[in-house]
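Colleague: Can you look at this prediction? I've put the sequence above it.
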Amino acid sequence: MSTELGPTPVKSPASGGTPIHHGPKGVGEDNKILSQGKWASWLLAPTIIALAVVIVYPIISALVMSFQKDAGLDPVTGLFTAGGPAGVQNYVNWLAQQCSAPGGGTVACPPGTLGAQFWSATATTFFFTVVTVTLETVLGFWMALIMARTFRGRSLVRAAVLVPWAIPTAVTAKLWLFIFAFEGIANKLFNTTILWTGSEWPAKWAVIIADVWKTTPFMALLILAGLQMIPAEVYEAAKVDGATTWQRFRMITLPLVKPALMVAVLFRTLDALRMFDLPYILTGGANNTTTLSILVINQIRQGFNAAAALSTITFIIIFLVAFIFVRFLGANVVEQSGATGKGKK
Amino acid sequence: MSAGTATTALRAQQDRGRKAAQNREKWAQGRTYISAVVVLIWCLAPAYWMVVTAFREVGFTYDTSILPTHVTLDNFNTAFDTSFGNRFGQALLNSVFIGVVVTVVSLLIGVFAAYALARLNFRFKYLVLGFILGASMFPGVALITPLFQLFTNIGWMGTYQALIIPNISFVLPLTVYTMTSFFREMPWELEESARVDGCTQGQAFRKVILPLAAPAIFTTAILAFISSWNEFLIASQLSSDATQPVTVAIASFAGAQPNQIPYTAIMAAGTIVTIPLVILVLVFQRKIVAGLTAGAVK
């Protein structure tokens, strides 16, 4: 992430509105920034404190819990196990898919128990993420290119794409459950007799289709906003130089829209990695549609501490993906999010 | 070959070129319209199907005629009927209450942070921005386990505060960064003039900037309310029958027969939940799109 520290960021004329004078006035400026800093810390304090209470405290608390043993009846063996410090045992159990054995020690979790689902849930989560984000990027780009053209009824299209976005995910899930019902409209339209939520691949595709329907508009709007930042003169110039449509798309549109596109892809990827509502309501996690989030929720009632370990693993996975995006793929979220302000206009 | 024929040939070629260009233009326009219709159908058809089903008699749930048939309002009564253990009416009130509290609290706290981030120069500004953006992308499951245990221990399970507090964790960051990018675009010269006229920075903020910022704050409020209204994960775990929001009520909607999903009533409930949002979104379309994309491109 591009974190520019220090009292006088070079970019400041663009980032605030207060012009920074260089040269002889430097000392006075330092005082001004100091007093602004004081002001800023008062203004930021409520937000930082609130976020510390609702986010930082639970994270630390989850970390502490994840190193504790779950006391209570073991769901597998039915024996009572005592609590106490567990070291990294909870993490090892998840990663190696081990459950505690009657005599102490661990055995491989029997199929069907939550402990045996870690890697399949991870695979499902990544599968959903890669497929939905890819489809949403391609479809969203296509929609954005259409909405960027001038034609009568354009505002109607722009309004229509907001409809799937505005429908709550829980309602979306029920709606697609109905569409994919055995006697539902999907089977009727395509003249098929698929039990959509009854077996693995139809169930997965049901989740993917519903997710793509719901979230492509968001992607399209972000990409459209990026497209609109490209000055028309650039296209005109390219046209005069004899560039074909494909060349203009590849040499102008793609590189210039890339920053906005990367941020959109990053947002959607992080969102898809925590996918919960859709598969939970649409398939109940059956037929290999259990995502990591669903696995955490199912685990909570069987043992807080093991659930805390799993949620920490999920958090780390999402954090790593975000890190890779920002570090290697150049998704500059902070800068894109407005830190450079009006400078680009 | 005379110079005359050469000119004629050239002119003919130019004509052909112009015609081809016109045809290409027409063809492109036609393709645009076809694509636009495809997008419209893709976006609206499922929503249309929900509304059509909501108005269909329960005996004809699986009727697949595209136009409305067997129209009735019964499903809306069924949606509010409490005899099968559904509490949809109560859930609507709960969602409104939770949404309003979360939105108001987030705005009250966030507006100051957004002002500081948009207007002031200070150390660690980018770090704070990064932290707030990171917070908005935070996975809900990472919060739920410790909160579940904490709320169980202090007897808060199923209370309103147990639903409101976790919601703030993702609505507040959203509020801050949306407002930050709105604030950057405001005519801040007016603040300077107010200060020249003798206002303190605080007065300038209250008397000049706040009224100017009202549309931005209002749009942010809509976005905040929608994201709280749509929340499901945390509510599904921490709410009780009395405090559950609409998303949970719809997800667990039960019918007369346990094995039969009462689709028409669920679609009616879904329509009730969705229509106000869709109207709100369409009325404030331009502002909302600006707010949604604010974090990504400016």
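Modeller: That came through, no problem. Residues are numbered from 1 along each chain as shown, chains lettered A, B, ... in the order given.

Colleague: Now stretch A:55-66: buried residues?
Modeller: With burial defined by 16 or more other Cβ atoms under 10 Å in any protein chain shown, the residues of stretch A:55-66 counted as buried are A:55, A:58-59, A:61-62, A:65-66. Placement of C-beta: from N, CA and C, glycine included.

Colleague: Also near chain B: which of those, exactly?
Modeller: A:55, A:58-59, A:61-62, A:65 (Cβ under 8 Å from any Cβ of the partner chain).

Colleague: which one among those gets closest to residue B:238?
Modeller: Using Cβ to Cβ, residue A:58 comes nearest to residue B:238 of those, at 12.4 Å.

Colleague: And the strand or helix carrying the closest one, how far out from the chain middle?
Modeller: Applying DSSP states H and E as the criterion places residue A:58 in helix A:57-66. Mean-position distance between helix A:57-66 and its chain equals 22 Å (Cα atoms, centre = their mean, to the nearest Å).

Colleague: Partner strands of the next helix-or-strand element following it and their direction?
Modeller: Going down the chain from helix A:57-66, the next helix or strand is strand A:68-69, by DSSP H and E. Taking DSSP bridges as the criterion, strand A:68-69 forms sheet pairs with strand A:84-85 (antiparallel).

Colleague: so how far is the strand it pairs with from its chain's centroid?
Modeller: 34 Å.

Colleague: what's downstream of that strand, the next helix or strand?
Modeller: helix A:89-96.

Colleague: Average pLDDT for that next one, rounded please.
Modeller: Throughout helix A:89-96, pLDDT has a mean value of 88.

Colleague: angle of that helix against helix A:57-66?
Modeller: 90 degrees (axes from the mean of the first three to the mean of the last three Cα atoms, to 10 degrees).

Colleague: Can you give the strand pairings for the helix or strand following helix A:89-96, parallel or anti for each?
Modeller: Helices and strands here follow DSSP H and E; after helix A:89-96, the next one along the chain is strand A:98-100. Paired strands of strand A:98-100, with direction, are strand A:106-108 (antiparallel) (DSSP bridges).

Colleague: residues in contact with the strand it pairs with?
Modeller: A:93, A:96-101, A:116 (Cβ atoms under 8 Å, 6 or more residues apart in numbering or on different chains).

Colleague: cool, and stretch B:33-53?
Modeller: By Cβ under 8 Å, 6+ apart, stretch B:33-53 touches A:142-143, A:146, A:151, A:153-154, A:156-157, A:160-161, A:163-164, A:167, A:171, A:175-176, A:178-179, A:185, A:213, A:217, B:61, B:66-68, B:263-264, B:267, B:270-271, B:274, B:278.

Colleague: Would you mark the buried spots in that stretch?
Modeller: In stretch B:33-53, counting by 16+ other Cβ under 10 Å, buried: B:35-36, B:39-40, B:42-44, B:46-47, B:49-53.

Colleague: Low-confidence ranges, chain B, go.
Modeller: By pLDDT under 70, the low-scoring segments of chain B are B:1-6, B:295-298.

Colleague: all strands of it, in order?
Modeller: Counting by DSSP state E, chain B has no strands to list.

Colleague: still on that earlier bit, could you export the ones next to chain B among the buried residues of stretch A:55-66 to TSV, including columns for pLDDT?
Modeller: Formatted as TSV, these follow (pLDDT from 0 to 100):
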residue	pLDDT
A:55	89
A:58	90
A:59	89
A:61	91
A:62	91
A:65	90
